[in-house]
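Novice: Fold the following.
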Amino acid sequence: MSEISTQEASKESFAVETNRRGLLKGLFGFLGAVGMGGFFYALDRFLAPGAGALPPVEIPLGEIPLGGTYALNYGGSPGILIHEEDGGLRALSLVCTHLACTVAWNPEKREFHCPCHDGLFDAQGGVLSGPPPSPLERWKVQVKGDKVLVGGV
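Specialist: Reported below is the predicted structural model:
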């Protein structure tokens, strides 16, 4: 009788090990599949970056005063459209390139100020001082008839 109970105990122990092994195989298989999915998604975004491009923001030209600005939101990021006295238009992101704080436009000084670490950008978005490593992101601007299109491809 002790032989039978030893064999049964051995079978039970083997069944538990098999279940643990199967669980670990399944877990590692799942994690591997998720990792490969992430890799192929990143590869697809790298090879076809324009596939998910955002549509442009349309603004009536009459709403942007000459020499003034227009606040906008493109792709979830705050931005500003500057209408120069000479009629030129420039769109910039208001997200600081240092730590993604929102910068503020100062029309009197014609510069952007980042309140987080006292970074300064000129009217073109270039870095004047502070820790920002690169200029503000510029967005494409097109004038089509009486509409201004910001962003897009």
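Novice: Just confirm Leu99 contacts Pro115, I think it does.
Specialist: No - counting by Cβ atoms under 8 Å, Leu99 stays clear of Pro115, with 11.0 Å between them. All C-beta spots, glycine's among them, are computed from the backbone N, C-alpha and C.
Novice: Please parse this structure into its domains.
Specialist: Per automatic domain parsing, the structural domains of the chain span 2-52, 57-150.
Novice: Ala91 touches Val150, doesn't it?
Specialist: Yes - if you go by Cβ under 8 Å, Ala91 and Val150 touch, sitting 4.6 Å apart.
Novice: Of the two, which one has the most company?
Specialist: Each of Ala91 and Val150 has its neighbours counted (other Cβ atoms under 10 Å); Ala91 has more, 23 against 20.
Novice: which residue packs closest to the more buried one, ignoring adjacent ones?
Specialist: Using Cβ to Cβ, 6 or more residues apart in numbering and skipping the chain neighbours, the partner closest in space to Ala91 is Trp139 (4.1 Å).
Novice: Quick one: residues contacting that neighbour.
Specialist: Taking Cβ atoms under 8 Å, 6 or more residues apart in numbering, we find Trp139 in contact with Tyr74, Gly79, Ala91, Leu92, Ser93, Val150, Gly151.
Novice: Max pairwise distance over those: which two?
Specialist: Spatial extent of the contacts of Trp139 (Cβ to Cβ) is set by the pair Leu92 and Gly151 at 11.6 Å.
Novice: give me the element Leu92 is part of.
Specialist: Counting by DSSP states H and E, the element that carries Leu92 is strand 89-93.
Novice: pLDDT averaged over that strand - what is it?
Specialist: Averaged across strand 89-93, pLDDT comes to 94.
Novice: Give the buried residues for the helix or strand just after it.
Specialist: Sequence-wise, the next helix or strand downstream of strand 89-93 (DSSP H and E) is strand 104-106. Buried positions in strand 104-106, judged by neighbour count with 16 or more other Cβ atoms under 10 Å: Trp105.
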